[in-house]
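Q: dropping the sequence and predicted coords here.
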Amino acid sequence: MSIQITPAASDRMRAFLAKAPDAAGVRFAVKRMGCSGFGYVVDLADAVTEDDRVLEIDGIRVVVDPKSMPLVDGTLIDFQRQGLNASFVFHNPNATGECGCGESFTVS
């Protein structure tokens, strides 16, 4: 299992974690949503379950649930600002398509 985080994404995750010192890490997952089928979720992890995979990336604990693992393996997480907007951006080699707005993706 491999996930990479750019320095910009790492800085953003550290800022979230600094505001929530009791968090178990950053949860990276997918859920069914959007017009293409799956959407990414990046949130603080309240806890780590027995089935979760925990990756130490640049000193950040990234928690991935077992259902999301095959869908996000190999993903590069970036954080970008464009004008007034700021968001995580995902470069996922498993995605075979994305919706026009980039909010969801398809895996064949």
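A: Nice, thanks for sending it over.

Q: residue ranges of the strands in the protein, please?
A: 3-5, 25-33, 37-45, 53-57, 60-64, 75-82, 85-91, 97-98, 105-106 (DSSP state E).

Q: how about CSV for those, with distance to F16 added?
A: Any C-beta I mention is one placed from the backbone N, CA and C, and that applies to glycine too. Below are those laid out as CSV (distance: least, Cβ to Cβ, whole Å):
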stretch, distance to F16
strand 3-5, 13
strand 25-33, 7
strand 37-45, 6
strand 53-57, 14
strand 60-64, 10
strand 75-82, 11
strand 85-91, 11
strand 97-98, 25
strand 105-106, 23
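
Q: what residue is smack in the middle of this structure?
A: The centroid of the chain falls nearest to F28 when counting by Cα atoms, centre = their mean (3.7 Å).

Q: pLDDT weak spots in the protein?
A: 34-36, 99-106, 108 (pLDDT under 70).

Q: ok, longest helix in it?
A: In the chain, assigned by DSSP state H, the helix with the most residues is helix 7-19.

Q: from V63, how far out is the closest residue to L71 other than its chain neighbours?
A: Spatially, and ignoring its direct neighbours in sequence, L71 is nearest to V30 (5.0 Å; Cβ to Cβ, 6 or more residues apart in numbering). As judged by Cβ to Cβ, to the nearest Å, V30 and V63 stand 13 Å apart.

Q: which of the strands of the chain sits closest to A15?
A: In terms of Cβ to Cβ, the element of these nearest to A15 is strand 75-82, at 9.9 Å.

Q: perfect, I'm done here.
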